[in-house]
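> Just the structure for this:
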Amino acid sequence: QVQLVEFGGGLVQAGGSLRLSCVVSGRTFRTYAMGWFRQAPGKEREFVAAISASSSGTHYADSVKGRFTISRDNAKKTVYLQMNTLKPEDTAVYYCATGSLGYYTGSAAAEYDYWGQGTQVTVSS
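Predicted coordinates for the structure are as follows:
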């Protein structure tokens, strides 16, 4: 059974930082790309960032480029999202997901097959 568990959400002031972690079990972690998505109240789920299985490729949404960094530790079966210079519009539930392929770092949610339960990030102004 594949499980993804996110950690690290919370309340932070604008301009602050948070680091999200997502631990994966039940799957050969090093084989698959990983992604982060988020969903704000009343909005659709949107792509945030993705990283290939070997960490050779990353992809970011324009809204977070230069502020967020995705990384992974295949030995720990963990993917991270370092979020700096947070803005109130970053407030959302953040989800990690496993890609169905090792190299895919795109933004299409349909290409990610397992999802975590989400962790809330709230940025106050």
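
> Pull the contacting residues for the most centrally placed residue in the chain.
In the chain, the residue lying closest to the centroid (Cα atoms, centre = their mean) is residue 36, at 2.3 Å. Contact analysis of residue 36 by Cβ atoms under 8 Å, 6 or more residues apart in numbering lists 20, 22, 48, 49, 50, 70, 79, 81, 94, 95, 96, 97. All C-beta spots, glycine's among them, are computed from the backbone N, C-alpha and C.

> how about 6 Å then?
Shown in contact with residue 36 (Cβ atoms under 6 Å, 6 or more residues apart in numbering): 48, 49, 81, 96.

> Just give me how far whichever helix or strand it is part of sits from the chain centre.
Using DSSP states H and E, residue 36 sits within strand 34-39. Between the centre of strand 34-39 and the centre of its chain there are 4 Å (Cα atoms, centre = their mean, to the nearest Å).

> what separates the closest residue to residue 22 other than its chain neighbours from residue 116, distance-wise?
Excluding the flanking residues, the one nearest residue 22 by Cβ to Cβ, 6 or more residues apart in numbering is residue 96, at 3.4 Å. Distance, residue 96 to residue 116, using Cβ to Cβ, to the nearest Å: 5 Å.

> now the strands: where do they sit in the chain?
Assigned by DSSP state E, the chain shows strands spanning 3-7, 10-13, 18-25, 34-39, 46-51, 58-60, 68-73, 78-83, 92-99, 112-115, 119-124.
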